[in-house]
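Visitor: Just need the structure, nothing else, for what follows:
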Amino acid sequence: MLHSDWLKAHKKEIRILISINIILLVCLAVSSVSRSRYLVREDGNLVAIERDSLEQTLSLPLEVEAEKGGEKLTCEVILSIKAPELESDGKAASEDETVRDDFVLEDAVAGLIDEIETKKELRISLPEKLNDGTVLRWRGKRDLRFLLVFLLLPVCLLYIYETERKQEKERRRRYEAEIRKALPSFVDQLLLLLNCGMIFHDAFYRIEAGYATRGTQDSFCRLLGRIRKEADETGFMVITVMKGMAQEVGIREYVRMVNIMMDHQHRGVNLEEKLAAESRLLWEGRKASAMQRGKEMETKMTFPLALLLLVLIIIAGMPAMMNM
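Guide: Numbers count the residues shown, from 1 in each chain. A predicted model of the protein is given here:
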């Protein structure tokens with residue numbers, strides 16, 4: 001979850017989101033107060049709607065509860081009170097019609113809404129009963145927009161955090177893949193130079209200079225550059241600097257290679273023999289990784305190929321289907 005360091009690093013984004021929240025809350029409060037001006041309440045229920053003028057247009061979300069013979073129905077409706085010139089010429093539904101035996105509460109409420117919307121009065125009463133005795137209770141619809149605004153800040157912060165976490169995870173995956181891919185070649189070059197009589201320090205510098213000359217800018221090249229720079233600035237041996245970066249790199253193959261070099265440095269282990277075995281192991285790992293990626297690619301291509309096959313079947317069968 002969100003931690004204090006992450007929150008401190010995103011103070012600017014948090015301030016912007018808080019400002020947006022405050023603006024939205026103010027707008028909703030003004031809208032709620034403005035809407036309540038037109039609703040006349042009595043004992044918690046609405047009894048009428050008032051307009052400032054006949055030309056005023058209102059759109060009010062309401063809840064109406066209809067009860068008849070023990071059957072209850074709660075509907076969410078939007079009353080659209082329009083100015084006379086905006087109203088349609090169609091005939092509105094009327095509740096004065098004879099009530100049918102197959103009377104349905106939904107139809108009655110819908111007809112009543114149509115009738116209310118066609119009234120041309122400053123004060124529009126909300127009926128408490130229908131002609132057949134159905135009891136009506138009108139209430140203002142619960143405004144959930146305030147809850148959504150309060151949830152906006154944590155949801156946005158979680159979205160930003162998850163997005164950055166996924167980006168960091170993908171960056172780390174590419175970082176590890178590039179180092180694992182380059183390690184076998186590095187070990188082979190190191191082994192070749194050591195067999196030619198170079199000491200480890202000179203062999204490392206020769207390899208790093210070769211990467212820099214080629215202009216390679218992958219993660220492994222940058223890692224070698226950092227190791228050389230820190231060794232030059234601190235005066236420590238290259239293998240010591242590599243050991244110090246092992247925890248930061250956090251790649252098993254890199255740590256294993258560094259431990260081999262440290263054993264040679266402190267215990268006199270045959271470095272060439274150990275590196276040759278490590279090289280074979282690294283190449284086998286790279287081969288297994290390539291095969292795994294190939295299998296994953298085959299799996300990803302299954303759906304597009306199936307979709308293409310379906311399209312081909314449809315195209316091939318379309319003339320026969322049209323002639324039937």
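Visitor: thought residue 245 was touching residue 224?
Guide: No - counting by Cβ atoms under 8 Å, residue 245 stays clear of residue 224, with 10.6 Å between them. Placement of C-beta: from N, CA and C, glycine included.
Visitor: Would you state the helices of the chain in chain order?
Guide: 4-9, 11-36, 105-117, 145-195, 200-214, 219-234, 238-244, 246-249, 252-267, 271-323 (DSSP state H).
Visitor: Take the ones you listed and lay them out in a markdown table including mean neighbour count, distance to residue 74 and mean pLDDT.
Guide: Output for those, formatted as a markdown table (neighbours: other Cβ atoms under 10 Å; distance: least, Cβ to Cβ, whole Å; pLDDT from 0 to 100):
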| stretch | mean neighbour count | distance to residue 74 | mean pLDDT |
| --- | --- | --- | --- |
| helix 4-9 | 10 | 43 | 77 |
| helix 11-36 | 12 | 20 | 78 |
| helix 105-117 | 17 | 10 | 70 |
| helix 145-195 | 15 | 20 | 87 |
| helix 200-214 | 15 | 73 | 87 |
| helix 219-234 | 16 | 61 | 90 |
| helix 238-244 | 18 | 69 | 90 |
| helix 246-249 | 13 | 62 | 86 |
| helix 252-267 | 16 | 63 | 87 |
| helix 271-323 | 11 | 45 | 84 |
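Visitor: so which of the ones you listed gets nearest residue 81?
Guide: Distance to residue 81, taken as Cβ to Cβ, is lowest for helix 105-117 among the helices of the chain, at 6.2 Å.
Visitor: State the distance from the residue positioned nearest the centre of the chain to residue 17.
Guide: Centroid-nearest residue in the chain, with Cα atoms, centre = their mean: residue 159, separated by 5.6 Å. From residue 159 across to residue 17, the span is 11 Å (Cβ to Cβ, to the nearest Å).
Visitor: now residue 322
Guide: In terms of Cβ to Cβ, residue 322 sits 57 Å off from residue 17.
Visitor: ok, residue 217 - contacts?
Guide: Contact partners of residue 217, counting by Cβ atoms under 8 Å, 6 or more residues apart in numbering, are absent.
Visitor: Check residue 269 too.
Guide: Residue 269 touches 260, 263, counting by Cβ under 8 Å, 6+ apart.
Visitor: can we see that at 10 Å?
Guide: Under the criterion of Cβ atoms under 10 Å, 6 or more residues apart in numbering, the contact list for residue 269 reads 260, 261, 262, 263.
Visitor: what's the closest of those residues to residue 315?
Guide: residue 260 (60.0 Å).
Visitor: any idea what sits nearest the closest one, other than its immediate chain neighbours?
Guide: residue 274 (4.7 Å; Cβ to Cβ, 6 or more residues apart in numbering).
Visitor: and if you look at residue 270?
Guide: residue 264 (7.6 Å).
Visitor: Domain map for the chain?
Guide: Domain assignment for the chain, taken from automatic domain parsing, gives 37-93+102-143, 176-299.
Visitor: Make a markdown table out of those domains and add distance to residue 309.
Guide: Shown next, in a markdown table, are the domains of the chain (distance: least, Cβ to Cβ, whole Å):
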| stretch | distance to residue 309 |
| --- | --- |
| domain 37-93+102-143 | 47 |
| domain 176-299 | 15 |
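Visitor: And these: which comes nearest residue 12?
Guide: Of all those, domain 176-299 comes closest under Cβ to Cβ, at 28.3 Å.
Visitor: Angles on the backbone of residue 250, please.
Guide: Note on residue 250: its backbone torsions stand at phi 60, psi 30 [degrees, to the nearest 10].
Visitor: Hmm, it is touching residue 180, no?
Guide: No - judged on Cβ atoms under 10 Å, residue 250 makes no contact with residue 180 at a distance of 11.8 Å.
Visitor: didn't residue 222 look like it was pressed against residue 211?
Guide: Yes - taking Cβ under 10 Å as the definition, residue 222 is a contact partner of residue 211 at 9.4 Å.
Visitor: how near is the closest residue to residue 49 other than its chain neighbours to residue 6?
Guide: Closest residue to residue 49 apart from its sequence neighbours, by Cβ to Cβ, 6+ apart: residue 124 at 4.6 Å. Distance of residue 124 to residue 6, given as Cβ to Cβ: 54 Å.
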